[in-house]
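**Q** Next come a sequence and a model predicted from it.
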Amino acid sequence: MKKLLITILFFASLFGCTKEIGDLSLSKTIPGGCFVDNGITGKNSLTTDIDTVSYSIENGNLNIFVGFNATCCGEYSTSSQINGDIIVIKILTTKVGDCNCICYYTYNFIFNGSGKKYEYIVTVDDYLKFTGEIKP
């Protein structure tokens, strides 16, 4: 009886504390908004909208949408990493916009897999920070 109890406790400790988070990996990042203007990047689009982050799960994959307003003609780099159950996305200015207008830049981060539950942290330079939880 004692051996059976020890065996049950051993397997419960192995599987009971395991958190399934899936095998999430970045598939691609799609720039849009100000980046799409007849194939020319960042040309004087006067569209503005609310700075936002949203997500959707489609066909078992996670899509994270980021939209923000900034001076036109800017250039940005993106990076993302997954630390356990936290998705960290950074958008950094590589060239400050010098056009006389405001643009709404968008990025769609597409991840293969959706996992069970994630938190996200999205930053745009030092002026915007979004946090939230993804609940499949």
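**A** Perfect, I can see it now. Worth saying up front: this structure is predicted, and the values here are computed from it rather than measured.
**Q** Contacts for stretch 116-125 next, please.
**A** 19-22, 24, 51, 53, 55, 62, 64, 66, 68, 70, 82, 85-93, 128-136 (CB atoms under 8 Å, 6 or more residues apart in numbering). Where C-beta positions appear, they are placed from N, C-alpha and C, glycine not excepted.
**Q** how far does it sit from the chain's center?
**A** 6 Å (CA atoms, centre = their mean, to the nearest Å).
**Q** Strands - which of the contacts of stretch 116-125 land there?
**A** Within these, membership in strands is found for 53, 55, 62, 64, 66, 68, 70, 82, 86-93, 128-134, as judged by DSSP state E.
**Q** Make sure K95 is actually in contact with S77.
**A** No. K95 is beyond contact range of S77, at 9.8 Å (criterion: CB atoms under 8 Å).
**Q** filter the ones in strands among the contacts of stretch 116-125 to the buried ones?
**A** 53, 55, 62, 64, 66, 68, 70, 82, 87, 89, 91, 93, 128, 130, 134 (16 or more other CB atoms under 10 Å).
**Q** out of those, who's nearest Y107?
**A** Using CB to CB, V66 comes nearest to Y107 of those, at 4.7 Å.
**Q** my guess is the closest one meets Y104, correct?
**A** No. The criterion here is CB under 8 Å, and V66 misses it with Y104 at 10.9 Å.
**Q** in the sheet, who's paired with the spatially most central residue of the chain?
**A** Geometric centre of the chain, nearest residue: I64, 4.6 Å, by CA atoms, centre = their mean. Beta-bridge partners of I64, counted by DSSP bridges, are Y55, F109.
**Q** Noted, bye for now.
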